[in-house]
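J.: Here is a sequence with its predicted model. Questions after.
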Amino acid sequence: MATKKKDEELTLFPEAKDSQGHPTGHDDGQLAVDVHETDKEIIVKSAIAGIQPENLDVFVQGDMLTVRGQRHDDEIVREGRALVRECHWGGFSRSLILPTEVDTENVKATLKNGILTIKLAKIGRGRKVMVKEE
């Protein structure tokens, strides 16, 4: 829902909130992601237009994937006032708990046409056991 502040700037997302709707206390943007799973890998995709690869960090540790980055606005308007501010400029991050253990040495991250794709190879340690009736 759009809100107006005292200076009449229209803000569609007035403050950052966590998944339960509580204010986060910081202004970092949070990435929206799609996560898919195949037999061999986990694939994470996120639309992050306006980012150069050197401004992105991808970390994998244990069952946690973290993506951090910085989006710079090179053409800041110095005159007038903002009427609508929907784009997030500055730092952003997203951490995900992965559904299975992955090979941290076999992670591939690519950025093409504003879409970040991360492919994480699964470690095949676990197996499904069929339960038989006796």
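T.: Perfect, thanks for sending it. Numbers count the residues shown, from 1 in each chain.
J.: any idea of the pLDDT on the nearest residue to Phe92 once chain neighbours are set aside?
T.: Once flanking residues are discounted, Phe92 sits nearest to Gly29: 3.7 Å by Cβ to Cβ, 6 or more residues apart in numbering. Quick note: C-beta positions are derived from backbone N, CA and C, even for glycine. Model confidence at Gly29, given as pLDDT, is 71.
J.: ditto for Ile123
T.: Model confidence at Ile123, given as pLDDT, is 88.
J.: which residues sit in contact with it?
T.: The contact partners of Ile123, by Cβ atoms under 8 Å, 6 or more residues apart in numbering, come to Thr100, Glu101, Val102, Asp103.
J.: so the third one touches Ala121, yeah?
T.: In other words, Val102. Yes. If you go by Cβ atoms under 8 Å, Val102 and Ala121 touch, sitting 6.2 Å apart.
J.: Any quick ChimeraX command for the buried ones out of the contacts of Ile123?
T.: Here is the ChimeraX command that selects the buried residues among these (16 or more other Cβ atoms under 10 Å):
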select :102
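J.: want to throw the contacts of Ile123 into CSV with pLDDT, secondary structure and distance to Glu79?
T.: Shown next, in CSV, are these (pLDDT from 0 to 100; DSSP: H, G, I helix; E, B strand; the rest coil; distance: Cβ to Cβ, whole Å):
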residue, pLDDT, secondary structure, distance to Glu79
Thr100, 88, coil, 52
Glu101, 88, coil, 53
Val102, 92, strand, 49
Asp103, 91, strand, 52
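J.: Leaving out sequence neighbours, find the closest residue to the residue nearest in space to the middle of the chain.
T.: Centroid check for the chain by Cα atoms, centre = their mean gives Leu31 as the closest residue, at 2.9 Å. Leaving out its chain neighbours, the residue that sits closest to Leu31 by Cβ to Cβ, 6+ apart is Arg94, at 3.9 Å.
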